[in-house]
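Peer 1: Predicted model follows, preceded by the sequence.
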Amino acid sequence: MFILMGTVAALICAAAEIYFYNEKRTVWYYIRTVIKNIWFVNVFTAWIFTVVLKYKHFLDIAEYGWDSKLKFFFVGLCVGFIMQAVTGVFRSRLTVEPETPKHKKRAMAARIASTVIFFLGCMAYTGTVWGRKEFGKVTGDQLLINLISPTEGTEASVYYSGFEGPVFKSLLYTAIFSIVVFISFKLVYQFRKGKVVVLNDFAKRLGCFVLAVFCLVNGVIYGVNKFRLGMVFNAYFLKSEFIEETYVDPETATIKWPEKKRNLIHIYLESMENSYMSKDLGGFMKENLIPNLTELAKTGTVFSNTDKYFGGPLEGTGTQWSIASMVNQLTGLPMKAPGWINSYGKDGKFLPGAYTLGELLEAQGYEQTCMIGASGTFGGLRYLYETHGNWTFFDYDYAKKQKLIPKDYKVWWGYEDDKLYEFAKDEITRLYNTGKPFNFTMENADTHRPDGYVSPGKSKPHKLPYANAIWNSDKDVTEFIKWIQAQPFYENTTIVLIGDHLSMDTAFFEDAKFTKNYKRTQFNCIINPAPSVGTPDKKVTTNRKWANWDYFPTIVASIGGEIEGERLGIGTNLFSGKKTVYEESGVKKVDKELEKGSEFYNEKILDVEELDSAASRGIKPKK
């Protein structure tokens with residue numbers, strides 16, 4: 001069908017060539033012209049479809065609808081007419097002549113407007129392509145939050161990639177476009193007895209303006225669809241009371257703590273997901289890239305969304321990036337697009353109205369440290385911890401101040417995981433030696449996009465760099481956990497492991513053709529939980545519909561906290577077997593409600609100035 005549509009376009013072009021260029025009307029000329037057009041139009045159009053438009057199997061009639069076939073026809077028509085124009089130039093029939101516009105100021109304004117609009121259209125399109133390639137399924141709320149949050153500490157390659165990608169490409173395309181726009185000329189066709197203007201400068205300017213508007217409109221539509229920017233509209237123009245009606249305030253919730261407090265080690269594993277396992281385990285790889293974590297997880301408790309042992313949380317609204325994941329698990333809340341004048345971290349505050357895990361454990365006398373290998377200024381992460389509990393915030397900047405690394409040291413996002421684990425051992429030992437219960441939280445980074453990081457001298461058994469980063473990270477974190485298990489405090493310590501979000505390394509997943517019914521999920525495991533949670537049966541741990549925010553009360557339960565009602569924030573203690581908000585109301589409904597604006601979230605959680613009491617904040621605990 002595609003070839004048929006291309007042939008129809010070629011016949012139209014052949015007729016035009018015969019009409020305009022033929023001097024000797026012979027049968028052989030007709031046959032030669034038709035065959036030439038059919039051949040070149042179909043071949044070049046097929047090349048555009050496969051290489052430029054990225055169509056696969058375009059000869060498969062059943063795979064594409066009429067919209068694609070009509071597109072093949074119109075692209076073929078354009079190819080044919082370009083061929084006619086080139087033929088005209090070589091036959092000296094089509095010439096370019098200078099032309100001075102009658103209204104020079106108006107013409108210049110039109111040229112500038114067209115160029116600016118075209119550039120914006122290019123940025124919208126190339127920026128979307130770059131964003132999807134670099135970060136995967138980034139949503140509108142995440143995009144907005146990152147734009148208004150502090151960006152200091154971002155790995156430099158992100159900036160380089162952004163300039164070399166959408167910015168440079170848009171400048172290049174606009175430069176080519178501006179050549180056509182700013183040079184005044186007309187196209188003239190030479191007849192035997194005279195000549196006719198095929199395209200004058202005004203028509204050319206008008207055509208360029210239409211093309212520029214077309215690029216901008218399509219670029220914006222493409223970006224809106226790919227980044228789900230409708231979520232931003234929902235956040236500001238639609239309202240929901242779902243959070244207010246569901247929220248259980250952790251500050252006023254009844255929690256019974258054990259007399260002997262249990263230590264907590266909470267490890268966020270950068271981009272660690274279950275798809276790295278082999279298919280027989282519920283993953284999607286030919287070879288299990290995380291064999292050590294797989295075996296380790298079998299000794300703990302895993303909460304799965306399938307009937308298999310391995311599975312994880314669903315992609316909830318406001319969950320799928322590092323800081324959001326930490327917000328979810330510290331507060332039991334999604335990370336939502338803020339109100340009109342709010343931000344995250346820029347004013348030294350971060351969800352000032354939220355009552356977090358850090359504050360719960362501070363009230364129980366815990367010593368707490370959060371450790372990362374990057375700068376905590378990025379995204380305001382430092383403020384999330386420092387304003388919610390007695391945390392020691394141990395980041396890249398802290399390590400330099402303590403002279404643990406040289407001032408000019410910079411590897412990957414700050415310092416690599418090899419150093420992170422060594423610093424972590426020393427810090428955990430320090431916490432233990434205080435004689436108080438401790439909460440140690442950390443996040444590794446060697447599996448961050450793009451391609452991850454592998455320290456010199458480590459093994460590289462796989463072809464893809466990212467696979468090697470995953471492979472080595474699996475080994476490193478497992479050895480670190482074995483060290484913890486060999487320490488005198490381990491018997492009274494719970495270890496919580498969870499991938500912070502799904503991997504954004506899109507290049508690694510390009511060749512992995514996931515089936516439609518396969519859901520990528522974060523790796524999760526709780527090792528050595530408190531005896532009070534018992535050993536949950538399969539009904540409690542499998543076929544669960546849950547999100548990152550459910551880990552907040554689950555972690556509290558894992559260290560012996562007995563929660564009345566089994567809910568904190570909008571999260572549910574998974575050990576209890578009680579239904580989560582997803583299981584109660586349905587995944588689609590909950591996510592739709594969370595996309596909408598919440599006056600409760602903006603006024604009581606995000607933008608509160610003082611924390612007098614739950615009553616003054618207007619929080620309504622769920623009964």
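Peer 2: Okay, I see it.
Peer 1: and the gap between Ile176 and Thr115?
Peer 2: 11 Å (CB to CB, to the nearest Å). (Glycine included, C-beta is placed from N, CA and C.)
Peer 1: These two: who's more crowded?
Peer 2: Regarding Ile176 and Thr115, a neighbour count based on other CB atoms under 10 Å identifies Thr115 as having more, with 19 against 10.
Peer 1: check contacts around that one.
Peer 2: By CB atoms under 8 Å, 6 or more residues apart in numbering, the contact set of Thr115 is Thr174, Phe177, Ser178, Val181, Phe182, Ala212.
Peer 1: So it: helix, strand or coil?
Peer 2: When classified by DSSP: H, G, I helix; E, B strand; the rest coil, Thr115 comes out as helix.
Peer 1: Can you tell me how far it is from Thr317?
Peer 2: On the measure of CB to CB, Thr115 and Thr317 end up 39 Å apart.
Peer 1: Do a quick rundown of the helices in the stretch 251-400 of the chain.
Peer 2: 291-297, 322-331, 357-363, 381-386, 396-401 (DSSP state H, counting those that start in this stretch).
Peer 1: phi, psi of Tyr309?
Peer 2: phi -60, psi -40 (degrees, to the nearest 10).
Peer 1: For the residue nearest to it when sequence neighbours are not counted, list the residues it contacts.
Peer 2: With CB to CB, 6 or more residues apart in numbering as the criterion, Tyr309 has its nearest non-adjacent residue at 6.1 Å, and that residue is Val302. Neighbour list for Val302: Tyr309, Phe310, Gly311, Gly312, Asn524, Cys525, Ile526, Thr541 [criterion: CB under 8 Å, 6+ apart].
Peer 1: Looking at those, spot the one nearest Val75.
Peer 2: Gly312 (43.4 Å; CB to CB).
Peer 1: Around the nearest residue to Ser275 once chain neighbours are set aside, how many other residues sit close by?
Peer 2: Using CB to CB, 6+ apart and skipping residues adjacent in sequence, the residue nearest Ser275 is Phe284, 4.4 Å away. For Phe284, the count of nearby residues is 19 (other CB under 10 Å).
Peer 1: surely Phe284 meets Ser503?
Peer 2: No. Using CB atoms under 8 Å, Phe284 is not in contact with Ser503; the gap is 11.8 Å.
Peer 1: picking up where we left off before, and the pLDDT at the residue nearest to Tyr309?
Peer 2: Val302 carries a pLDDT score of 98 in this model.
Peer 1: same thing with Ala614?
Peer 2: So Ala614 comes in at 41 (pLDDT).
Peer 1: burial of Trp39, as a residue count?
Peer 2: 11.
Peer 1: Following the chain onward from the one helix or strand it maps to, which element is next?
Peer 2: Following DSSP states H and E, the helix or strand that holds Trp39 is helix 27-47. Beyond helix 27-47 in the direction of the C-terminus, DSSP H and E gives the next helix or strand as helix 66-90.
Peer 1: buried sites along that next one?
Peer 2: Neighbour counts over helix 66-90 (16 or more other CB atoms under 10 Å) mark 68-69, 71-73, 75-81, 83-84, 88 as buried.
Peer 1: Show me what that helix packs onto, helices and strands only.
Peer 2: Helices and strands touching helix 66-90, by 3 or more CB pairs under 8 Å, 6 or more residues apart in numbering; DSSP states H and E, are helix 2-21, helix 27-47, strand 94-98.
Peer 1: Leu70 reaches Gly6, doesn't it?
Peer 2: No. Using CB under 8 Å, Leu70 is not in contact with Gly6; the gap is 11.5 Å.
Peer 1: which stretches of the stretch 101-250 of the chain form strands?
Peer 2: All strands of the stretch 101-250 of the chain, identified by DSSP state E, counting those that start in this stretch, fall at 185-190, 195-199.
Peer 1: if we can go back for a sec, contacts for the helix holding Trp39, please.
Peer 2: 2-3, 6-7, 9-11, 13-14, 17-18, 22, 58, 72, 75-76, 79-80, 83.
Peer 1: Rounded mean pLDDT for it, please.
Peer 2: In the prediction, helix 27-47 has an average pLDDT of 87.
Peer 1: Equivalent analysis for stretch 169-189, please.
Peer 2: 83.
Peer 1: same thing with stretch 458-477?
Peer 2: Computed over stretch 458-477, the average pLDDT equals 95.
Peer 1: can you check stretch 505-513 too?
Peer 2: On average, stretch 505-513 scores 74.
Peer 1: how about Met285, what does it touch?
Peer 2: So Met285 contacts Ser275, Tyr276, Met277, Ser278, Lys279, Ala512 (CB under 8 Å, 6+ apart).
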